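Chemist: coords below, sequence missing:
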């Protein structure tokens, strides 16, 4: 394993400069637009109506807070844009190591898995951004105003929370694909997923409590979709793992 990692670093040494330069160029291009993105996020995610003649306020508490946030966002975009290049170099490296002699996967299957993964990720991000986050922020604003507390949130914390939550749900929606891959590769038998179903429910709700604000509504909006997707994954395994069909009645 260490030899493979060292070989990968040596192989990538020349390509790292290309990847780094590509990230820098993309970041410079998108940097002027990050301010508009933050403004759009505040309009989309925060309710615009007033509550008791008060309204939310996004503030910066340090002179360079907003600029550093915009730089961070631009580099994130640059990194995401560079992922196809990274995957391409990694694929060439794995071919050189004859990895395909150990793992058999057809191009149609790989392409189908990629398309499904992309669709699931976009669906998870859309669920978080357009439905869950607006309700969560509205609830938090109304709760604080009901307690007589004005809302003045740091712009960096608001954006970081929104981006992290959206990205997390994009990954969460990959659960059916991940479980299918693990079952078909015989890494985790389907019977294990079924046997420890109740344990997974408890773990899911604990995770939901850890990654969300401490209110029941937010935890339910995070935990319930996870449970639904876990059950959906078991249902999908009826068809994607037909040789184990008898083990996974749900």
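Modeler: Sure, I can see it. On a predicted model such as this, the values are computed, not experimentally measured, just so you know.

Chemist: in terms of contact, does residue 45 touch residue 135 like I think?
Modeler: No. The pair residue 45 / residue 135 is not scored as a contact, 9.8 Å apart, by C-beta atoms under 8 Å. For glycine as for every other residue, the C-beta is placed from the backbone atoms N, C-alpha and C.

Chemist: tell me which of those two has more neighbours.
Modeler: residue 45 (22 against 14; other C-beta atoms under 10 Å).

Chemist: so who does the nearest residue to the more buried one once chain neighbours are set aside touch?
Modeler: Among residues not flanking residue 45 along the chain, residue 133 sits closest, at 5.0 Å (C-beta to C-beta, 6 or more residues apart in numbering). By C-beta atoms under 8 Å, 6 or more residues apart in numbering, the residues touching residue 133 are 45, 162, 165-166.

Chemist: buried ones in the host helix or strand of residue 133?
Modeler: Assigned by DSSP states H and E, residue 133 belongs to helix 133-146. If you call a residue buried by 16 or more other C-beta atoms under 10 Å, then helix 133-146 has these buried ones: 133, 136-137, 139-141, 144-145.

Chemist: what's the burial count for residue 236?
Modeler: By other C-beta under 10 Å, neighbour count at residue 236 equals 16.

Chemist: Validate this expectation: it resides in a helix.
Modeler: Yes. Judged by DSSP: H, G, I helix; E, B strand; the rest coil, residue 236 forms part of a helix.

Chemist: okay but it is in contact with residue 178, surely?
Modeler: No. The pair residue 236 and residue 178 does not pass the contact test of C-beta under 8 Å, sitting 11.2 Å apart.

Chemist: quick one, helices of the chain?
Modeler: 2-30, 34-45, 65-96, 107-127, 133-146, 155-172, 175-184, 190-195, 197-211, 216-240 (DSSP state H).
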